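Trainee: Sharing a model that was predicted from the sequence below.
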Amino acid sequence: NELRLEDIACADNLPKAREMSDEPVDPRPALEEKCKPSCTKYLKEYEACVERVQAKGEGHCTGQSFDYLHCIDQCVAPKIFKHIK
C-alpha cells in the first residue's frame, strides 16, 4: 500500500509508521504538505523578498525562509508524535 497525499483526509488519519508495511514510513512529508496552507503569510513574505532581491541584484531572504519553515515545523510538531511508537 502506497501512502498518497490525496488519500489523506486529515493528518490524524495517517497510518502509524509500521501499519502499512514492514518498512518504516516517515509521516513528516505528508504532514508538512498538510501544514503549508496555514503558513501562506510567511510564504508570501518570502516570495516578496525574493522578488526584491532579484530586482536589486543583492541581498538574501534567509530570515523569511526560516520564518516559513518555522511555521511549518510548529504545525507539524504536535501531530508527528501521534505517529511514533
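Mentor: Here it is on my side, so go on.
Trainee: How much space separates residue 58 from residue 47?
Mentor: The spacing between residue 58 and residue 47, counted by C-beta to C-beta, to the nearest Å, is 18 Å. C-betas here are computed from N, CA, C, even on glycine.
Trainee: Retrieve the pLDDT associated with residue 22.
Mentor: For residue 22, the pLDDT comes out at 73.
Trainee: same question but for residue 72, I mixed them up
Mentor: What the model reports as pLDDT for residue 72 is 97.
Trainee: For whichever strand or helix holds it, name the packing helices and strands.
Mentor: Applying DSSP states H and E as the criterion places residue 72 in helix 62-80. Contacts defined by 3 or more C-beta pairs under 8 Å, 6 or more residues apart in numbering; DSSP states H and E place helix 62-80 against helix 28-35, helix 40-56.
Trainee: Quick one: closest of the ones you listed to residue 83.
Mentor: helix 28-35 (8.2 Å; C-beta to C-beta).
Trainee: If you average the pLDDT over the closest one, what comes out?
Mentor: Taken as a whole, helix 28-35 has a mean pLDDT of 96.
Trainee: Name the residues of stretch 41-52 that are buried.
Mentor: For stretch 41-52, a neighbour-count test (16 or more other C-beta atoms under 10 Å) marks 42-43, 45-46, 49 as buried.
Trainee: Please apply the same query to stretch 58-67.
Mentor: Residues of stretch 58-67 classed as buried by neighbour count (16+ other C-beta under 10 Å): 61, 64-65, 67.
Trainee: Export it to PDB, keeping only CA atoms.
Mentor: Extracted in PDB, the C-alpha atoms of stretch 58-67 (Å, rounded to 0.1, in the frame of the first residue of the first chain):
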ATOM      1  CA  GLU A  58      21.900  41.700  -3.900                       C
ATOM      2  CA  GLY A  59      20.700  40.600  -0.500                       C
ATOM      3  CA  HIS A  60      19.200  37.400   0.800                       C
ATOM      4  CA  CYS A  61      15.900  36.100   2.200                       C
ATOM      5  CA  THR A  62      17.300  33.800   4.900                       C
ATOM      6  CA  GLY A  63      15.100  35.300   7.700                       C
ATOM      7  CA  GLN A  64      11.900  34.900   5.600                       C
ATOM      8  CA  SER A  65      12.800  31.400   4.700                       C
ATOM      9  CA  PHE A  66      13.400  30.500   8.300                       C
ATOM     10  CA  ASP A  67      10.100  32.100   9.300                       C
END
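Trainee: Many thanks, I have nothing further to ask.
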